[in-house]
Every structure is written in structure tokens, then in C-alpha cells.
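Novice: Using only what follows, build the 3D model:
(one chain, ligands or ions: 2)
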Amino acid sequence: MLMNAPLIDPFARAITYLRVSVTDRCDFRCVYCMSENMQFLPKKELLTLEELERMCSTFVDLGVKKLRITGGEPLVRRDIMTFFQSMSRHLDSGALDELTLTTNGSQLARFAEPLYAAGVRRVNVSLDTLDEEKFARVTRWGRLTQVLKGIDAAQTAGLKVKINAVALKDFNEDELITVTEWCASRDIALTWIEVMPMGDLGNEDRVGQYWSLKDLRTQLAERYTITELSERTGGPARYVRLEETGQKIGFITPLTHNFCESCNRVRLTCTGELYLCLGQEDMADLRAPLRSNPKDNAPLRQAIHDAISLKPKGHDFDYSRQKADGQVTRHMSHTGG
Ligand code: SAM
Ligand code: SF4
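Specialist: Numbering: from 1, shown residues only. Ligands and ions are numbered 1, 2, ... in the order given. Predicted coordinates for the structure are as follows:
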């Protein structure tokens, strides 16, 4: 009885949004996300595409309405389109409201059309700079022209594009207006993300430094008229509209606590660990109940319910502390951004 009930956590928050990392691998090595010589997980640790489908479908059965596929780079996982194609049946049935992804854009030129055909309508592309040399520096292995081609292909295919840019002091601060205007000219929404203390951050030279979004916003206000929007997504994003361009700008400040009370999301890693909060280590292993019961989903459903009943009230990042408490050492590419 309980097993088919929707997912409600102990703080009465309905869990309707699942982010799924489908791989820990990536064709870039962004300095704030990965080290140059990353050790990736052995293949057998990863959920197979069939297991990912079963896992996600079970969450949909339990009331998840929005699925965001991420990574690592989701589009470098082999045969990933079969996963999207399979998930599209939940869109057709109305069980799922949205199937979407966050990507670095490198493979979009190839996959924009099949993604649209699978029912994807929006895509978040991570892009921190429009300068070729800086792009190569921050992603280490990426090429800007390839990503720009991917964005063009996405728009041509009918996908709504949103850009996510990580705010990095002394790196893209001087591009605030350029990036804003570029997005406005292409009808692209833009969200700035405050850099989080994850992975190898701090070991890098000059790229990867904290630029507060409060400061970024003040700089925007010197140029544009800003109207606060009341829109909330249950996550750490806040939105404003720039009156001069009409575009929506988002601010993601994961370090603040101001969204925890409305948090509607959990994250699944590519190995089947369910993280209940971006800022905490609490997690549950869902791979074991999935793998040991290939024909029966009941143990998996029970394990998901058990995990949700442990979702913490909020998280605890804090830059003011010197020690590692409140810091999370796992890489974003593992839990998915
Ligand atoms: N590879 C895809 C991409 O880059 O969009 C999806 C995975 S990536 C981990 C998801 C998002 O996390 C990206 O927008 C990236 O900029 C962001 N990210 C990675 N490390 C971060 C950090 N330390 N602080 C803030 N955002 C981070
Ligand atoms: Fe790859 Fe995305 Fe991490 Fe950059 S942010 S290294 S593109 S997973």
C-alpha cells in the first residue's frame, strides 16, 4: 500500500523532480568540476541503460514528474538515445511532465534532432565564456566552436535553450554584458551559478575563484532595469527580468539555505546512489535492491520510500569556515550538477 504512495518526505515536501547522472565520464575537464587526470568508475559499477530505465520508470511510477538527465556529460554515454527514446513513453502517457537534460553542448549538433523526437523540449547548455581561448582554458579539452554549433542545432531542432554559466571572478566577470546580450539576441535564457566548493577547486590558477552573485547582480543593475520575478522551481534558482532586453536571468546560489524548505528534488548517481540533498552526504544505495530483484520492483520501491523518509531538512555549505565541515568533497560529475 505504502509502496505505491507518492514520495513525501518528513517535512511534507513532495518529491517530484529527479536528476539522474547517467555517466561520470566527460569529454571536457572543467577546472571547477574535474581534475585533469580523473579516475573514472569501472564500467561494472555503472547502472546499465536498462537498469537506468527501470530505475527512472520506478520513480515516475512513484510520482516523479520531471526528469533531468545529467552527468558527467550525458551525451557521451554510448547509446544514450535509446534511453531517451524509452523514457519518452512516460511523456506520451502523461505520467511525466518533462524530460530534459543538462549538457556541455559538445554533442548537440549530432543529437539535437533525436532528442526533440524523443520528446525533449528544453535543454540547459553550460557555457561560461564566449571567448575561444578562455573557453579552452576553463574546459581544458573543449572547443567553443563545437558548442556554438551544438546550440545552433538545438535551436534549429526546436529545443528551447538555456545557458548555465558559472560565475568566476577574474575570469568571466568582464563578459557579463557580452554574454547577456548574446543570449538576448538568440532568445536564450541565462542562469548564473555560484561556484561551489567541490572537487579540486582551489588548486587551479586564477580560474575557479568565487564571484558572488550578489556582486554580479549589482553589476547587472548598473546597466539594466531589473524586475524581480516571483517564479520558483523548488530549487536554488531565483529569477529576474531585464526590462531592456525582456530576457529572464536566473541566479543559482546553492550555498544559501533559502530554498531548502521548498526542495522537491533528489539526485541519482550513475552507480545508483540516491543523494537526498546537494549539500549533504546522506545517500541510499538503490543499485542493490534493483540488481538483486531483476523481476520484482517492490524491493526497489520500498528502498526509495525508505530513502525519502531520511531526506534532511536542509544543507550546510559555508565559505566562512576554514575547515572542511559543510564542504562536500565528491565531484559534481559524480552526483550530477
Ligand atoms: N556535463 C554537463 C554540463 O556541463 O552541463 C552536465 C554535468 S555538469 C556537472 C552540470 C553543471 O554543474 C554545469 O552547469 C557545471 O557548470 C556545473 N558545475 C560543475 N562543477 C561546479 C562547481 N564546482 N560549482 C558550481 N557549478 C558547477
Ligand atoms: Fe564535464 Fe560538465 Fe563537469 Fe565540465 S561541468 S567537466 S562539461 S561534467
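
Novice: so what pLDDT did the residue in the stretch 151-300 of the chain positioned nearest to ligand 1 get?
Specialist: Closest to ligand 1 within the stretch 151-300 of the chain is M196: 3.6 Å, counting by Cβ to the nearest ligand atom. C-beta coordinates here come from the backbone N, C-alpha and C atoms, glycine included. On pLDDT, M196 comes in at 80.

Novice: Give me the nearest residue to it, chain neighbours excluded.
Specialist: Distances taken as Cβ to Cβ, 6 or more residues apart in numbering place P254 nearest to M196, at 5.5 Å, with adjacent residues excluded.

Novice: so where do the helices sit in the stretch 201-337 of the chain?
Specialist: Ranges of helices within the stretch 201-337 of the chain are 213-223, 287-291, 298-308, 332-335, based on DSSP state H, counting those that start in this stretch.

Novice: S230: which of these is closest?
Specialist: helix 213-223 (16.7 Å; Cβ to Cβ).

Novice: Render the CA-only coordinates of the closest one in CSV, please.
Specialist: The C-alpha atoms that make up helix 213-223 are tabulated as CSV, following Å, rounded to 0.1, in the frame of the first residue of the first chain:
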residue,chain,number,x,y,z
LEU,A,213,26.1,36.6,-7.4
LYS,A,214,25.1,39.5,-5.2
ASP,A,215,28.0,41.4,-6.8
LEU,A,216,27.1,40.1,-10.3
ARG,A,217,23.6,41.3,-9.8
THR,A,218,24.7,44.7,-8.7
GLN,A,219,26.8,45.0,-11.9
LEU,A,220,23.8,44.0,-14.0
ALA,A,221,21.7,46.6,-12.2
GLU,A,222,24.1,49.3,-13.3
ARG,A,223,23.3,48.6,-16.9
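
Novice: how far does that helix sit from the chain's center?
Specialist: Distance of helix 213-223 from the chain centroid (Cα atoms, centre = their mean, to the nearest Å) equals 24 Å.

Novice: Buried residues of it, list them for me.
Specialist: Neighbour counts over helix 213-223 (16 or more other Cβ atoms under 10 Å) mark L213, L216, R217, L220 as buried.

Novice: Tabulate those (TSV), appending pLDDT and distance to ligand 1.
Specialist: Below are the buried residues of helix 213-223 laid out as TSV (pLDDT from 0 to 100; distance: Cβ to the nearest ligand atom, whole Å):
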residue	pLDDT	distance to ligand 1
L213	94	11
L216	96	14
R217	96	17
L220	97	19
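
Novice: want to throw those into TSV with distance to C277?
Specialist: Rendered in TSV, the data for the buried residues of helix 213-223 read as follows (distance: Cβ to Cβ, whole Å):
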residue	distance to C277
L213	21
L216	25
R217	26
L220	30
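
Novice: Just the pLDDT for the nearest residue to L7 once chain neighbours are set aside.
Specialist: Excluding the flanking residues, the one nearest L7 by Cβ to Cβ, 6+ apart is I15, at 3.9 Å. With respect to pLDDT, I15 scores 93.

Novice: residues contacting I15?
Specialist: Shown in contact with I15 (Cβ atoms under 8 Å, 6 or more residues apart in numbering): P6, L7, I8, D9, G63, V64, N264, R265, V266, I308, K311.

Novice: sec struct for the residue of the stretch 151-300 of the chain found nearest ligand 2, please.
Specialist: At 8.0 Å from ligand 2, V166 is the closest residue in the stretch 151-300 of the chain, using Cβ to the nearest ligand atom. Using DSSP: H, G, I helix; E, B strand; the rest coil, the structure places V166 in strand.

Novice: What count of nearby residues applies to it?
Specialist: Using other Cβ atoms under 10 Å, V166 has 25 other residues around it.

Novice: Kindly report the same for the one 4 residues further on.
Specialist: D170: 11 surrounding residues under other Cβ under 10 Å.

Novice: quick one: it and Q209 touch, right?
Specialist: Yes. Using Cβ atoms under 8 Å, D170 is in contact with Q209, at 6.2 Å.

Novice: need the residues of this structure near ligand 2, please.
Specialist: When proximity is defined by Cβ under 6 Å from any ligand atom, the chain lies next to ligand 2 at 26, 28-30, 33-34, 71-73, 104, 126, 332-333.

Novice: need the strands for this structure, in chain order.
Specialist: Assigned by DSSP state E, the chain shows strands spanning 17-21, 66-70, 98-103, 122-126, 160-167, 189-194, 226-228, 237-242, 248-252, 265-268, 273-275, 283-285.

Novice: which residues sit against stretch 217-234?
Specialist: Taking Cβ under 8 Å, 6+ apart as the rule, stretch 217-234 contacts 16-17, 173, 176-177, 180, 238-245, 248-249, 251, 259, 262-265.
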